[in-house]
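Peer 1: Structure, please.
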Amino acid sequence: MSKPNRGAQNSSSVWRSGGFAVGNLLRLALVCGLCGVLVAALFVPAGALATAAVAGSNVMLDQLPSTLDFKAPAQSTKVLASDGSTIARFYEQDRQDVSLADMSAYIKSGVVSIEDSRFYEHGGIDLTGIARALVATAQGGREGASTITQQYVNNVIIEKLVSSGNTDAAKLGQQKTIADKLNEIKLSIGLEKKMSKDDILAGYLNIIYFGNGAYGIQAASKLYFNTSAKDLTLAQAAALAGVVNSPAYYDPLTQPEHVTSRRNEVLSKMLSQKKITQADYDTALKTPLTLDVHKSTQGCVAAATAPYFCDYVQQLVLNDPAFGATADDRSNTLYQGGLTITTTLDPALQQVAQDQVNATMGATDPLQRGAAVVSVQPGTGKVLTMAQNTVYNPANVPGNYMGNFALPVNDLNGNPLHGAGGFQIGSTFKPIVFAQWLNSGHSMMTMVNGAVQKYPQNFPWKNSCGTTSGAYDPAVPGSNLLPNDDSHHYFPQTALEGLYNSINTITFQTAAALDFCDIQKMATASGILDGGTNKPYDLSSIPALIGTPNVAPLNMATMMATFANNGVRCDPIALVSVTNSAGKSYPVPGANCQQTINKDVANGVKFALQQVLVRGSGYQIPLNDKANTFAKTGTTDYNANTWTVGANSGISTASWFGSYKGIGKAWANQNIVINGRYWPVVDGANLAGTQWSAIMNAAATNPAYQAASLERPPAIMLSATPPLVVGSNDPLGSDRAPAKTVVPPAASNDNGNGTSTSTPSAGNGN
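Peer 2: Alright, predicted model coming up:
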């Protein structure tokens, strides 16, 4: 959008309001033809008034509005981290309003001296200045007659047109008609009756254009001198006061000689009007125009930290009707509304997260592998970190990627989140099957036959709200092969051992005793949804038991947070508060925390997953506090996607490393060198595990994220042969089925990866 130059078009002058009403004086001047002559001489080409009847000017004046229709000028929006530090700014015009008290005395006196020396004396317009301008015009020259009040009115009118999308209707200088000028004059008189001089001056200094995209004195101070409006020196303030007359001619970046000359003129005016001393003048006059240019950048591409989180916040605003009825309205609110958006991001943890993903894999990796972490706070849903190794930039160069690894494609209403849509989650889905195992009345100490590997096409999987199919028989061509990660766990073992060692055959055996509809409901209750559709996790195919559908890392972090929070699921939230420049507060989504999983079941899952870190698939992860933390690792076919997800009562983190371009052998993370180290295979506990533990260890040093001791699950869940208990005292509910060892038909090869392959792929099941 092109922006008109809203700097002063003319030097200002004064029309005193004493003696009798200014409105009557104006009418008298118009009736006598004086105003017509003046306006003709100053504002329109010679002879243009020939068709205008002086007698009609009084009628014209009566028909003009007397009050200014104020609309706050477009201001920049700030996105803040939880500690108040700035993440990013959004704007169409770089403007940040400041009070008069937060402006240097030099800029106030400098602007008044050069633009309107009798500003504090007149009533909005200046007959003396008009007369002086008339004389100058008669002598073949040209001198302006607009006061600061008139310039302010002019800028407000233009700003209203710009913000409403009518930029082409804005008129400048010679484009204005007599009616336009009379309108400004009458509005200026009315404005002086309603606003104090200081308020008008503050509004003026906040709205005028200083060139190079800087609107208002605060933005100009930052742009040209890297300082605030309050801290401008005399020499700096005088230079900026001179710029407003013509930001193009007095451009500090391209016309420094012009600026210096104009600055010296401002200083001379200030001295003659006794605004500064001779010593001040002499010092400032000798001061070179030394710029410290800091061009402002806006949007998430220029974010100081967490650009992908910034994009998430941006989309939350653009998708929410609270910020406007239409998409254009919401965009205007974000880019023009001067919002202060306080978010949940913890900048200290975010820095750890970003450092970790950057260290894991460079953005320009030729195989385009990705690394990402996202953290939420159990009990509040606050998103604390969101980092990935790619560069948030739309330019088509290696390493640039605009999709957010942490997010689903869309929100629950179908609005875009710019998410990558998630990745295959592998064995990190196993805690859901285990949770339903406990929820249905089984003990984690029940022995399960891990030797069973064959499931024929007609195996009776139970799904009361859909269908589940899949054949697993190596003797049948085209059948999926699902062996474990190693050859040492094909024997009967407890459901607990099967989970913390991530044994695929145990997961399939426990699932054979359950209703897949209930497993799906458990996934939804925990926060797991399909990353591409936001529909419930698809369990229509047996491989889904070991994580073939895509799930977004944010949903995985929410799942672990639900268990950490004793079965209370909180929706992830990123916004703490949103206010605009006028102090209006906007509603922001709440976490909607609800008890979705039985507390005892949650405690049972935490107990089992804590063993993952102590003796199971994640025992090598370098975590400081393994006593109060729980986690699950996950690896998919060819190690293309690897995960560690886990939590304690203070923080929940999902960590992912893998390919964001595809799955299968072409994207294998096997026999590769990463950061100078050779990896025969990359499992979930490796790179993803290191990222995860770094976040968890850093959070442990912050009292806000201290981990409480894990609560032991009910004894019945730890019993080898729990009896059937029915009644109100049953912590698992009255619909529990008897625990049992499941022994379906005899063995095949069960790999736990959920996809067809002729040979087992290394690392599956971890």
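
Peer 1: C-alpha only now, for contacts and for neighbours.
Peer 2: Will do.

Peer 1: Just the buried residues of stretch 529-541, please?
Peer 2: Using 16 or more other C-alpha atoms under 10 Å as the test for burial, stretch 529-541 gives 529-534, 536-540.

Peer 1: Adding secondary structure, distance to Gly676 and pLDDT, write the residues you listed out as CSV.
Peer 2: Shown next, in CSV, are these (DSSP: H, G, I helix; E, B strand; the rest coil; distance: C-alpha to C-alpha, whole Å; pLDDT from 0 to 100):
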residue, secondary structure, distance to Gly676, pLDDT
Leu529, strand, 37, 97
Asp530, coil, 36, 97
Gly531, coil, 33, 96
Gly532, coil, 35, 95
Thr533, coil, 38, 95
Asn534, coil, 39, 95
Pro536, strand, 41, 97
Tyr537, coil, 38, 97
Asp538, coil, 39, 97
Leu539, coil, 40, 96
Ser540, coil, 42, 94
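
Peer 1: and of these, the nearest to Ala564?
Peer 2: Comparing the buried residues of stretch 529-541 against Ala564 with C-alpha to C-alpha picks out Leu529 as the nearest, at 18.5 Å.

Peer 1: number of nearby residues for Gln691?
Peer 2: When counting by other C-alpha atoms under 10 Å, one arrives at 31 neighbours for Gln691.

Peer 1: For my notes, confirm Ser375 occurs in a strand.
Peer 2: Yes: assigned with DSSP: H, G, I helix; E, B strand; the rest coil, Ser375 falls within a strand.

Peer 1: Backbone dihedrals for the nearest residue to it once chain neighbours are set aside, both of them.
Peer 2: For Ser375, ignoring the flanking residues on the chain, the nearest one in space by C-alpha to C-alpha, 6 or more residues apart in numbering is Thr653 at 4.2 Å. Dihedral angles of Thr653 (phi, psi; degrees, to the nearest 10) stand at phi -130, psi 140.

Peer 1: Now do the same contact list for Thr653.
Peer 2: Contacts of Thr653 were listed using C-alpha atoms under 8 Å, 6 or more residues apart in numbering, and they are 373-376, 557, 560, 645-647, 692, 695-696.

Peer 1: Now compare these and name the two farthest from each other.
Peer 2: By the measure C-alpha to C-alpha, these have their two most distant members at Met560 and Ile695, which lie 14.8 Å apart.

Peer 1: low-scoring pLDDT stretches of the stretch 451-600 of the chain, where are they?
Peer 2: Scanning the stretch 451-600 of the chain with the threshold set as pLDDT under 70 gives 473-483, 486-487.

Peer 1: Give me the below-cutoff pLDDT ranges for the chain.
Peer 2: Flagging of the chain using pLDDT under 70 yields the residue ranges 1-72, 129-145, 163-176, 473-483, 486-487, 721-766.

Peer 1: coming back round to it: need the buried residues of stretch 529-541 in JSON lines with distance to Asp320, can you?
Peer 2: Formatted as JSON lines, the entries for these read as follows, by distance: C-alpha to C-alpha, whole Å:
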{"residue": "Leu529", "distance to Asp320": "21"}
{"residue": "Asp530", "distance to Asp320": "22"}
{"residue": "Gly531", "distance to Asp320": "20"}
{"residue": "Gly532", "distance to Asp320": "20"}
{"residue": "Thr533", "distance to Asp320": "19"}
{"residue": "Asn534", "distance to Asp320": "18"}
{"residue": "Pro536", "distance to Asp320": "23"}
{"residue": "Tyr537", "distance to Asp320": "26"}
{"residue": "Asp538", "distance to Asp320": "28"}
{"residue": "Leu539", "distance to Asp320": "32"}
{"residue": "Ser540", "distance to Asp320": "34"}
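
Peer 1: out of the contacts of Thr653, which one sits closest to Tyr455?
Peer 2: For the contacts of Thr653, the minimum distance to Tyr455 (C-alpha to C-alpha) is 29.4 Å, reached by Val645.

Peer 1: Surely the closest one and Leu554 touch.
Peer 2: No: shown here, Val645 and Leu554 do not form a contact pair, counting by C-alpha atoms under 8 Å, at 10.4 Å.

Peer 1: Show me the common contact partners of those two, please.
Peer 2: Residues touching both Val645 and Leu554 comprise Ala654, with contact defined as C-alpha under 8 Å, 6+ apart.

Peer 1: So the two - more neighbours on which side?
Peer 2: When neighbours are counted by other C-alpha under 10 Å, Val645 comes out ahead of the other of Val645 and Leu554, with 32 against 27.

Peer 1: Find the nearest non-adjacent residue to that one, please.
Peer 2: Ala654 (4.3 Å).

Peer 1: That neighbour sits in which helix or strand?
Peer 2: For Ala654, the element it lies in under DSSP states H and E is strand 652-659.

Peer 1: same for the following helix or strand past that strand, what does it pack against?
Peer 2: Toward the C-terminus, strand 652-659 is succeeded by strand 670-674 as the next helix or strand (DSSP H and E). Other elements packing on strand 670-674 under the criterion 3 or more C-alpha pairs under 8 Å, 6 or more residues apart in numbering; DSSP states H and E are strand 677-681.

Peer 1: Distance from the strand it packs on to the middle of the chain?
Peer 2: Shown here is strand 677-681, whose average C-alpha point lies 36 Å from the average C-alpha point of the whole chain (C-alpha atoms, centre = their mean, to the nearest Å).

Peer 1: how about the helix or strand that contains Ser693: buried residues?
Peer 2: Secondary-structure assignment from DSSP H and E places Ser693 in helix 687-699. When burial is assessed from 16+ other C-alpha under 10 Å, helix 687-699 yields the following buried residues: 687-696, 699.

Peer 1: Also stretch 611-619?
Peer 2: Judged by neighbour count using 16+ other C-alpha under 10 Å, the buried positions of stretch 611-619 are 611-614, 616-619.

Peer 1: how long is that stretch end to end?
Peer 2: Stretch 611-619 has its terminal residues 8 Å apart, counting by C-alpha to C-alpha, to the nearest Å.

Peer 1: picking that back up, quick one: strands adjacent to the strand holding Ala654?
Peer 2: For strand 652-659, the pairing partners within the sheet under DSSP bridges are strand 369-376 (antiparallel), strand 641-647 (antiparallel).

Peer 1: Same list (the ones you listed) but as CSV, adding distance to Ile503.
Peer 2: Supplementary listing: these in CSV, determined by distance: least, C-alpha to C-alpha, whole Å:
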stretch, distance to Ile503
strand 369-376, 25
strand 641-647, 16
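
Peer 1: To Gln594, which of those lies closest?
Peer 2: strand 369-376 (16.0 Å).

Peer 1: Contacts for that closest one next, please.
Peer 2: Applying C-alpha under 8 Å, 6+ apart, the contact partners of strand 369-376 are 353, 357-358, 360-361, 363, 382-390, 405-406, 553-554, 557-558, 561, 572, 651-661, 688, 691-692.

Peer 1: what's the angle between it and helix 687-699?
Peer 2: Angle of strand 369-376 versus helix 687-699, following axes from the mean of the first three to the mean of the last three C-alpha atoms, to 10 degrees, is 30 degrees.

Peer 1: so after strand 369-376, what's the next helix or strand?
Peer 2: strand 383-388.

Peer 1: for the following helix or strand past that next one, packing partners?
Peer 2: The first helix or strand that comes after strand 383-388 along the chain, using DSSP H and E, is strand 423-424. Contacting strand 423-424 under the criterion 3+ C-alpha pairs under 8 Å, 6+ apart are the following elements: strand 550-551.

Peer 1: Packing partners of the strand it packs on?
Peer 2: Contact analysis of strand 550-551 by 3+ C-alpha pairs under 8 Å, 6+ apart lists strand 423-424 as its packing neighbours.
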